[in-house]
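*Asks:* the sequence and its predicted three-dimensional model are supplied below.
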There are 2 protein chains.
Amino acid sequence: MALERDSHVALYQQIVNQLIAQIRSHQLPPGARLPTIRAMAKALGVTRVTVQNAYDELQSLGWAEATVGRGTFVSHHPPIAHREALVGPSWGQLMTADAVIDDLLHIHQLQAEDHGTIPSLALASPDPRLFPVETLWELIDDLHDESRALLCYGSPQGDLRLRYALAGSLAKRGLNVLPEEIIVTNGLTQGLALVTQTLARPGDRVLVEQPTYLGFLNLLRAQYLEPLGVPLDDEGPCIEELERLAIQYRPRFFYTIATYQNPTGKTVTAKRRRELLEWSERHGIVLIEDDIYGRLSYDGDPPDPIKTHDRSDTVIYLTSESKVLFPGLRVGSIVAPRPLHERLLALRRATDLCGSQLTQRLLATFLEQRGEQQHLRRVLPIYRRRRDTMLAALRQFMPKGVTWTKPAGGFCIWLTMPNTPTLHDLQQAALQQGVAIAPGEVFLTKATEHKHIRLAFSYEDEETIHRCVQILGQLLSERLRTESYPVLTESWTPLV
Amino acid sequence: MALERDSHVALYQQIVNQLIAQIRSHQLPPGARLPTIRAMAKALGVTRVTVQNAYDELQSLGWAEATVGRGTFVSHHPPIAHREALVGPSWGQLMTADAVIDDLLHIHQLQAEDHGTIPSLALASPDPRLFPVETLWELIDDLHDESRALLCYGSPQGDLRLRYALAGSLAKRGLNVLPEEIIVTNGLTQGLALVTQTLARPGDRVLVEQPTYLGFLNLLRAQYLEPLGVPLDDEGPCIEELERLAIQYRPRFFYTIATYQNPTGKTVTAKRRRELLEWSERHGIVLIEDDIYGRLSYDGDPPDPIKTHDRSDTVIYLTSESKVLFPGLRVGSIVAPRPLHERLLALRRATDLCGSQLTQRLLATFLEQRGEQQHLRRVLPIYRRRRDTMLAALRQFMPKGVTWTKPAGGFCIWLTMPNTPTLHDLQQAALQQGVAIAPGEVFLTKATEHKHIRLAFSYEDEETIHRCVQILGQLLSERLRTESYPVLTESWTPLV
């Protein structure tokens, strides 16, 4: 150890720094005894007080421990602040759940630059082959003249022309809002992150449909919020359970995908929507309405969003262009009651300043040319046929004991199987046979059940869908034959 | 009040709903007495138990209060859950500080589609007239073939080709990192939001330079973190103060813009950088190094980032293309120690899934063609001349008693003036004379001082800079003449 006499750093501090360096590099291992104060002072040519100060400092920082009469020892644990800073606050819920792993898989598949060798029923994503890419691309050149301004920082609320266009789009969905009432976000997910962070704080309880969107459960975990699941009956979220949970837990909000839900494809009835609104008003609990699938309707007009009947300002409405047009443009939007609107905008400004003006203006010009209506007219019949193909294949190939939902829109069908151990590794088994599916448990607040899978009919063509369901049906039939199991009578499905 | 006998909603619940509706619409004002149970039961043709249940429910929800012997009254305050849900958790620090207002102003000015009538020394932003727009635009057509894939969901970590290009860019800054060690973010601000949310929880104390980046103070407010300011001396953040604060408050991290700081233009010396690293290692407190201005060097090579000497993995490094190339592309990056890297990536995935692949790939192709080096060769001499012009104008026009920093890079100069009341409305006064400046107090953890302004020399041409400083100098001279004030001898500037 060498000390610099003319340093600006005090001698005792130099001793501390060098000892810590030795501890960190394990030259001084945990439990090692430091030299006595007298020996150290002699070796370094400093006073004993200097060494004493250094040892005291090491102790107060947590790098060393002293035992009276025995001496000073290197601590068995590095200082708490150091450990905590590197692993982050330990809130009890970490982000390493299987949901995240699945999310990774999900994303990795999406990364594939074309439809890979493994056909996927796992992705609730529009088919990239149907993207109106050429129409969009023609509009890019028109932005050249404005490009300098579009490459500057933009408005945290979003490009005004885009907000006008989105207001027009929302009007077609029955929602009459002004451009200044809309906040543009980086996809619907950022909108959800802003809303949850504004409404709740770590440790709070919140309500979600059971099952619900995997990404939202992941977000709640990241924000240390505790989700309580509300079962869905044939009309929608069970009101009796909402009543009980509202009174027992005082949750901060209820998150609902009321129209063509992910993962079930279910739609909340008009009557239940009214009851949900009444419940929300009665308890003063905010409804977060995720309408991302609302325009993907295959059997007549979609139902009005709950927000259209929100007279008491208790509903926050979110949607996005990711399922209808292009997921990669990362454009979503929020319509919130006035006081919340201001807070959401402030939080958006604080957390990422603004989105890309260039992509926002590009989408604005696309929407201004009625590109969305044209595109929907083209793709809705295609997705409808894919849904019908999947439903027909399910009827043809699924063994007895397996049931599924019949969605009127969106991308998802939810299968319920007997809860038998031979089906617990179904995802892996299907993957080996060349079919990717999403295991149902990642859509649950707790992954306790293994009797569901989510199938998406949006991503592959009809032939592939038929073939994949056939493979899956055969797999399920084999697995169910290998074991006798009690057939469940499910007049009311408790968790789905 | 009318009850539906054949409704699925229980009678007592219908009474509750209708009374709440009347309370919300102020037909029943706060303090109003509800009918007695007997009268209500008679009027509605229900049992007294039903009414009793309804009144009990109203009380338990907080809509009504009962006083024994006097009856049931409409509560003077709506239920807590309702109030809290709409205003959000009240953490003591709200987001309505003047910093936010200034931020708004800031953003609004940036929104202007060209250089408006009011020249601005308020914006620490590159001059849009210098953007390499044509080079970028030529590259867009090359993306056409891949556009379908680029419009899909992308990787939460960022486009791999962009990460390769950014690794090359970081290598020029002396940082040798692999593409897999980089997380691409929506501008540096999102990176800061992810880092602070990962390292700290609401209520925690954190350290910042005093003064520091306005947007970061705004972010801390939004996340309910308490910033403690560390004064800057001639070498950088004051180590003695860091020692004291580390021991007294156990802060979660220290945020430093070590090179060409915003707002002061100061640069931490090599010696102080070493001391900062030692301090960080000793206390196990993470250093967040914001290097956004690091490449904008006017007097020889910039100093190495602190991260290049980080042997103990205590430094998180962030940078962005917003000051060098295009703010509007919203591309920043994080390089973090391994355990934190994983957590940051998980949080990024949870909070906005991924960025826009299209803009990321566009920037990647720009960087691959050495566009950044070319651009820097072109603009650094221009920004250097603008800095020199501003410094010369300050010498020429500023009255005695006003001092300023002499930055070797970046965009900002920090003025210190006598702390006299005649200067407190300087921002407004300057604006009336046609010059926008940033008031210094919004860069402080507490807006207690009004003796600083930040001038940016990046956004306007030399002639405008000269003219604006002249106007400002005249304004200051007039204001200082109107009052005799004590000239402060500032051998050591306590807060700057």
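*Replies:* Yep, that arrived.
*Asks:* contact residues of the stretch 301-450 of chain A facing chain B?
*Replies:* Residues of the stretch 301-450 of chain A lying near chain B by CB under 8 Å from any CB of the partner chain: A:312-314, A:322, A:326-330, A:337, A:339-340, A:343, A:346-347, A:349-359. To be clear about C-beta, it is placed using only N, CA and C from the backbone, and glycine gets the same treatment.
*Asks:* which stretches of the stretch 51-200 of chain A have low pLDDT?
*Replies:* Flagging of the stretch 51-200 of chain A using pLDDT under 70 yields the residue ranges A:77-117.
*Asks:* quick one: the helices in it?
*Replies:* Secondary structure of the stretch 51-200 of chain A (DSSP state H, counting those that start in this stretch): helices located at A:80-87, A:98-111, A:133-140, A:147-150, A:160-172, A:187-199.
*Asks:* just the CA coordinates for the last one, please, in PDB.
*Replies:* Included here for helix A:187-199 are C-alpha records, laid out as PDB according to Å, rounded to 0.1, in the frame of the first residue of the first chain:
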ATOM      1  CA  GLY A 187     -48.100   2.200 -28.900                       C
ATOM      2  CA  LEU A 188     -50.900   1.300 -26.500                       C
ATOM      3  CA  THR A 189     -48.400  -0.200 -24.100                       C
ATOM      4  CA  GLN A 190     -46.800   3.200 -23.300                       C
ATOM      5  CA  GLY A 191     -50.300   4.500 -22.700                       C
ATOM      6  CA  LEU A 192     -51.000   1.700 -20.200                       C
ATOM      7  CA  ALA A 193     -47.700   2.400 -18.400                       C
ATOM      8  CA  LEU A 194     -48.500   6.100 -18.100                       C
ATOM      9  CA  VAL A 195     -52.000   5.400 -16.900                       C
ATOM     10  CA  THR A 196     -51.000   2.800 -14.300                       C
ATOM     11  CA  GLN A 197     -48.200   4.900 -13.000                       C
ATOM     12  CA  THR A 198     -50.500   7.900 -12.700                       C
ATOM     13  CA  LEU A 199     -53.300   6.000 -10.900                       C
END
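*Asks:* now it against helix B:187-199, angle please.
*Replies:* In terms of direction (axes from the mean of the first three to the mean of the last three CA atoms, to 10 degrees), helix A:187-199 departs from helix B:187-199 by 50 degrees.
*Asks:* what about helix A:187-199, near chain B?
*Replies:* Yes. For helix A:187-199 and chain B, the contact criterion (CB under 8 Å from any CB) is met by A:187, A:189-190, A:193, A:198-199.
*Asks:* among the residues of the stretch 301-450 of chain A next to chain B, which ones are buried?
*Replies:* A:312, A:314, A:322, A:326-330, A:337, A:340, A:343, A:346-347, A:349-359 (16 or more other CB atoms under 10 Å in any protein chain shown).
*Asks:* buried stuff in stretch A:131-151?
*Replies:* Neighbour-count burial for stretch A:131-151, counted by 16+ other CB under 10 Å, picks out A:131-133, A:136, A:139-140, A:143, A:147-151.
*Asks:* ends of that stretch, how far apart?
*Replies:* End-to-end distance of stretch A:131-151 (CA to CA, to the nearest Å): 25 Å.
*Asks:* same check, this time on stretch A:423-436
*Replies:* With CA to CA as the measure, the ends of stretch A:423-436 fall 15 Å from one another.
*Asks:* quick one: contacts of that stretch?
*Replies:* Residues from elsewhere that reach stretch A:423-436 (CB atoms under 8 Å, 6 or more residues apart in numbering or on different chains): A:109, A:117-123, A:417, A:437-439, A:450-451, A:453, A:468, A:471-472, A:475-476, A:479-480.
*Asks:* same deal with stretch A:125-132?
*Replies:* A:110, A:115, A:322-327, A:366, A:371, A:374-375, A:378-379, A:382, A:411, A:456, A:458-461, B:148-149, B:151-153.
*Asks:* if we can go back for a sec, what two of the residues of helix A:187-199 next to chain B have the greatest distance between them?
*Replies:* Greatest spatial distance among those (CB to CB): A:G187 and A:L199, at 19.1 Å.
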